[in-house]
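Novice: What would the 3D arrangement of this be:
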Amino acid sequence: MKLYIKYMVSNRCKLAVKEDLRRLGLHFIMVDLGEVEVMENISEEQREQIKIALLHSGFELMDNKRAVLIEKIKNIIIEMIHHSNELVKTNFSNFLSEKLNHDYTYLANLFSEIQGTTIEQFIIAHKIERIKELIIYGELNITEIAWKMNYSSVAHLSNQFKKMTGLSPSHFKKLKDKRRSPIEDIGISTDNAGAKTK
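Specialist: Numbers count the residues shown, from 1 in each chain. You can find the predicted model right below:
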């Protein structure tokens, strides 16, 4: 049986969810970002126990099909930008459509309606956060970061970085207090930040 879980954004989240499932005596076949498959058929009572355990760990069990789809979109973007060594080189809208088996226009409209921001803005926000991380690590220079993050040029990356942060990448690198955001807070519009998708 598949379960869809909100706020699973990292490998640490996967470990926490696995631990919650073990504690409840459930056997998982697969635990991925935002998605879990367990061997058992789950009763309403078990579902409630899972819901409570996940809430306690900072996650949310989802029922609404639209909310599940939004979470899948977010998780594909997060996986691609933060956890993959290779960014999608093809058209991202085609990639998302194929991955989720939905027309991109439908996905884009649904995402904007529920999240209060576009998929493109969400992707840019995550790319900028990943760029900050790569700058802080100091293992790659800005040209290598631009290539890794699939920018057409260093100028394109720098312009987008400055537009989003108010700083150039080189100025950001010199800051003593480099501010980064938790993955689950990136790309959420301010009026939607506290709202949960129902």
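Novice: Give me the domain ranges for this structure.
Specialist: Split into domains by automatic domain parsing, the chain comes to 2-63, 67-185.
Novice: Give me the below-cutoff pLDDT ranges for this structure.
Specialist: 86-90, 176, 178, 188-198 (pLDDT under 70).
Novice: most centrally placed residue in it?
Specialist: residue 78 (3.3 Å; C-alpha atoms, centre = their mean).
Novice: who are the neighbours of the host helix or strand of residue 76, in terms of helices and strands?
Specialist: Using DSSP states H and E, residue 76 sits in helix 65-82. For helix 65-82, the contact count by 3 or more C-beta pairs under 8 Å, 6 or more residues apart in numbering; DSSP states H and E identifies strand 2-6, helix 92-100, helix 104-115, helix 119-137 as packing neighbours. Any C-beta I mention is one placed from the backbone N, CA and C, and that applies to glycine too.
Novice: Tell me the buried residues in the shortest one?
Specialist: Of the residues in strand 2-6, those buried by neighbour count under the rule 16 or more other C-beta atoms under 10 Å are 3-6.
Novice: where's residue 187, which helix or strand?
Specialist: Counting by DSSP H and E, residue 187 is found in no helix or strand.
Novice: Could you verify my assumption that it touches residue 122?
Specialist: Yes. Residue 187 is in contact with residue 122 according to C-beta atoms under 8 Å; the separation is 3.8 Å.
Novice: between these two, what contacts are shared?
Specialist: Residues within reach of residue 187 and of residue 122 at once, by C-beta atoms under 8 Å, 6 or more residues apart in numbering, are 74, 115.
Novice: any idea how far the closest residue to residue 92 other than its chain neighbours is from residue 21?
Specialist: Among residues not flanking residue 92 along the chain, residue 123 sits closest, at 6.8 Å (C-beta to C-beta, 6 or more residues apart in numbering). Plainly put, residue 123 is 31 Å away from residue 21 if you go by C-beta to C-beta, to the nearest Å.
Novice: of those two, who's got more company?
Specialist: Between residue 123 and residue 21, counted using other C-beta atoms under 10 Å, the more crowded position is residue 21 (20 against 16).
Novice: For the helix or strand hosting the more buried one, buried residues please.
Specialist: Secondary structure assigned from DSSP H and E places residue 21 in helix 11-23. For helix 11-23, burial by neighbour count (16+ other C-beta under 10 Å) applies to 13-14, 16-17, 20-21.
Novice: what does stretch 30-44 give?
Specialist: Neighbour-count burial for stretch 30-44 flags 31, 33-36, 38 (criterion: 16+ other C-beta under 10 Å).
Novice: What is the neighbour count of residue 156?
Specialist: 12.
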